[in-house]
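Chemist: no sequence on this one, just coordinates:
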């Protein structure tokens, strides 16, 4: 049994907890929180909730610590800190800062003889794998990534910060014509606006200036200004009834050629009822790999690119070759 | 530069040759044939065609030998034989005999300090990877593999052996309703007949008994009897004009759950203009991995499950993390 600790008990932490229940070789030994542990009830009976102060001793009996924090401020600090004490997994997803984060985790983990796998999830994660395999097999080609239809939590949060907004759910939606062109192997040049549209369901305060809110959303730099965005104002009841899930998904489509006139299209796609539960499941498979790689002396920072797929599976090589090859 | 040798110059050997031209770090140093080398002209100027007698000395200067033979009789002999002399790659695809083949290659390669990667291609190969990753992430789920629409060379050959048949092209076609049900996450039980149909384009000898040929095809055990098969008789000219390519493809669809009511569908699909050129490209990416793994002392038989994806790529880890993660 692999002894798993979870740091942070938001949507993602609960997703990892759900994944532990689906894996017979995994045991949740503790959930760690920065808040008062006595105030937190978790879904697994008999498993203690502890303070991060316990974790900070470096003496918790864990095979792997799964760090469920945000990429903006939590993970850049937490992952290197705990990689100096435990094998760790995170889902760091700020693509531009991956090299820096990798370096920090690598130094901490190597000096402690630990293994830290960063940026696990579906993008980065499973989508990255799809891009790398396709690039390796068809070097003369290019990849396209489409997200959705699904809820972007970052964009939903951005709208919630607008004055007069009580709640928001933002769906990212691929443009069907763009998907079709890429699937046909046309290798089109596509602007941001041509790839995705955005749709917002907003609960506003009573009497709020809806036209102003809609305008603030549609013109918000980085988040919405470069997209065609639709805004719907709905009631809190409708939000609860129709938009309480966190579905997501998307596709990586790679189109390449092997000789004149011979083109090939590779597509990897996900349709997820729950983004955090699927992400948690990826994190847990990577946790298994971290424990195994560490046992073999492979210390330092790793990504999914460094993991032989067999390390992610509970089954042994004989089984995998006989049943899945 | 990785020094690549190709053994066998049929469709697959030519596919590997085409792939070498797309990879800047690869150099084709020789094509080996069991026939008279002087009778064989290859597509790469300046590269020698040699006899397998040269290969048998064990002294050819190769980083990796890519063995392009058939799974029925060639590879079970050739791959263990040459794994005792060179790092080797093959595309062994008799699923039921993989464990035995793996063992034979493993013993030969280990005793020689070489690395042999077996069963590279798209199924087994890329499809196997898709099955393993999905199983690792969603252990509570199941996979479905659909092939086509595409040309099955084995089925085409089987029809060609019927008395009165000059030529045949057999297309394997997934049943759209079955695909839809699996994509919807229904996890249906599907018989062989419910998953695929088969369509044959046949050139018959003048005066041949077409009804007999059609009946022999449709009732052929293993190949056609369990499927709904359509037979079209066409002219040799029509065969040449409309059926000269070897397109193929298919999908691995995996459907699994993470908790009550939370289902997820993962789909990996390929649409290939040329089955042998794509397969050859997979073999070549695996050749790169074989050379690298051997240099690190990872000897013996391997499959795609044992290869960390980064080993397949010409780019280094810094590049991959910055651009593809």
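Modeler: That came in fine, so what should we check first? All figures in this text were calculated on a predicted structure; none of them were measured in a lab. Numbers count the residues shown, from 1 in each chain, chains lettered A, B, ... in the order given.

Chemist: which residues of chain A score low on pLDDT?
Modeler: For chain A, no stretch is flagged by pLDDT under 70.

Chemist: if we go to 90?
Modeler: Applying pLDDT under 90 to chain A flags residues A:95, A:222.

Chemist: Can you tell me which residue is spatially central in it?
Modeler: Residue closest to the mean C-alpha point of chain A, counted by Cα atoms, centre = their mean, is residue A:121 at 3.8 Å.

Chemist: Just confirm that one contacts residue A:89, I think it does.
Modeler: No. The pair residue A:121 / residue A:89 is not scored as a contact, 9.9 Å apart, by Cβ atoms under 8 Å. Backbone N, C-alpha and C define where each C-beta goes, glycine included.

Chemist: and the helix or strand containing residue A:20, which residues are buried?
Modeler: Using DSSP states H and E, residue A:20 falls within helix A:11-21. Going by neighbour count (16 or more other Cβ atoms under 10 Å in any protein chain shown), the buried part of helix A:11-21 is A:11, A:12, A:13, A:14, A:15, A:16, A:17, A:18, A:19, A:20.

Chemist: Out of those residues, which two sit at the greatest distance?
Modeler: Largest separation among the buried residues of helix A:11-21 by Cβ to Cβ: A:11 and A:20, giving 15.4 Å.

Chemist: can you pull out the helices in chain A?
Modeler: Along chain A, counting by DSSP state H, helices occupy A:11-21, A:52-56, A:74-83, A:98-112, A:126-137, A:153-160, A:176-183, A:192-195, A:210-218, A:236-242, A:275-295, A:317-323.

Chemist: Serialize the ones you listed to TSV and add fields for distance to chain B.
Modeler: Converted to TSV, the helices of chain A look like this (distance: least, Cβ to the nearest Cβ, whole Å):
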stretch	distance to chain B
helix A:11-21	5
helix A:52-56	26
helix A:74-83	14
helix A:98-112	5
helix A:126-137	4
helix A:153-160	17
helix A:176-183	8
helix A:192-195	18
helix A:210-218	29
helix A:236-242	16
helix A:275-295	4
helix A:317-323	5
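
Chemist: List of residues touching stretch A:58-68?
Modeler: For stretch A:58-68, contacts defined as Cβ atoms under 8 Å, 6 or more residues apart in numbering or on different chains pick out A:2-10, A:12-13, A:16, A:29-30, A:32, A:50, A:54-55, A:74-75, A:78-79, A:82, A:84-91, A:280, A:283-284, A:287, A:290-291.

Chemist: Can you turn the buried subset of these into a selection I can paste into ChimeraX?
Modeler: Buried residues within the contacts of stretch A:58-68, by 16+ other Cβ under 10 Å, are selected in ChimeraX with:
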select /A:2,3,4,5,6,7,8,9,12,13,16,29,30,32,50,55,74,75,78,79,82,84,85,86,87,88,89,90,91,280,283,284,287,290,291
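
Chemist: Return the list of helices and strands in contact with the helix holding residue A:20.
Modeler: Judged by 3 or more Cβ pairs under 8 Å, 6 or more residues apart in numbering or on different chains; DSSP states H and E, the packing partners of helix A:11-21 are strand A:2-7, strand A:26-33, helix A:275-295, strand B:248-259.

Chemist: again, 6 Å this time
Modeler: helix A:275-295 (3 or more Cβ pairs under 6 Å, 6 or more residues apart in numbering or on different chains; DSSP states H and E).
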